[in-house]
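1. could you work out the structure for the sequence below:
(one chain, ligands or ions: 2)
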Amino acid sequence: MSKKKVVLNFPPHLIDQPITYRLIAEQGLKVNILRARITPKEWGNMVAELNGDKARMEAGLCFLADLGVEVEFLAEEVKWREERCIHCTACLTPCPTRALHVDRATMTVGFDEEKCIACELCLRVCPYQAVEIAAEK
Ligand code: SF4
Ligand code: SF4
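-> Residues are numbered from 1 along each chain as shown. Ligands and ions are numbered 1, 2, ... in the order given. Down below sits the predicted model:
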């Protein structure tokens with residue numbers, strides 16, 4: 001099985017097309033939508049996790065490219081190194097899913113792995129490298 005976290009960027013003429021449905025029904029991929037922003041007549045984007053065997057994954061990505069959907073690949077996994085974190089909260093604003101959050105009572109930062117979409121925005125702001133891309137297994 002192959003798993004990829006991707007950002008799918010849909011040009012305006014495709015945003016009302018059932019592309020996610022076709023990825024599932026015609027290409028045989030499992031699509032777990034993590035976040036989506038679609039505005040009529042503008043570009044839309046979706047963060048999703050795609051699952052399928054290697055052949056289906058390749059075919060599904062070709063299907064998207066042929067349609068004109070731009071695909072950006074995200075890191076598979078982000079790790080939070082609690083021992084390096086000084087709880088400065090600089091990463092909270094860029095984190096789109098609140099995977100990085102603060103306990104207001106103690107003002108300590110925490111990380112919810114389940115909510116993380118591996119967009120890497122926190123990596124750019126953390127001054128202590130407390131968030132990093134997990135090494136490939
Ligand atoms: S990579 Fe960082 S900014 Fe992006 S969702 Fe995960 S914790 Fe939040
Ligand atoms: S930016 Fe880095 S050091 Fe600051 S709270 Fe976030 S993870 Fe911790």
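
2. what about Lys79, distance to ligand 2?
-> 11 Å (CB to the nearest ligand atom, to the nearest Å). In this view, the C-beta of every residue, glycine as well, is placed from N, C-alpha and C.

3. that residue pairs with what?
-> The partner list for Lys79 in beta bridges (DSSP bridges) reads Glu132.

4. contacts only, for it.
-> Residues in contact with Lys79 (CB atoms under 8 Å, 6 or more residues apart in numbering) are Val131, Glu132, Ile133, Ala134.

5. near ligand 1, which residues of this protein?
-> 78, 94-97, 99-100, 116-122, 131 (CB under 6 Å from any ligand atom).

6. out of the residues you listed, name the ones that lie in strands.
-> Val78, Leu100, Val131 (DSSP state E).

7. flag every residue of this structure that's near ligand 2.
-> 85-91, 100, 109, 125-126, 128, 130-131.

8. got phi/psi on the residue nearest the centre of the chain?
-> Centroid-nearest residue in the chain: Ile117, 3.7 Å away (criterion: CA atoms, centre = their mean). The phi and psi torsions at Ile117 (degrees, to the nearest 10) take the values phi -100, psi 10.

9. same check, this time on Lys3
-> Phi and psi for Lys3, reported as degrees, to the nearest 10, are phi -130, psi 130.

10. care to break this protein down by domain?
-> 2-73, 78-133 (automatic domain parsing).

11. let's have those domains in TSV, adding mean pLDDT.
-> As requested, these are exported to TSV (pLDDT from 0 to 100):
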stretch	mean pLDDT
domain 2-73	92
domain 78-133	94
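
12. just the residues contacting stretch 8-28, thanks.
-> With CB under 8 Å, 6+ apart as the criterion, stretch 8-28 contacts 29-31, 33, 38-48, 50, 52, 56, 59-60, 63-64, 67-72.

13. kind regards, and thank you for your time.
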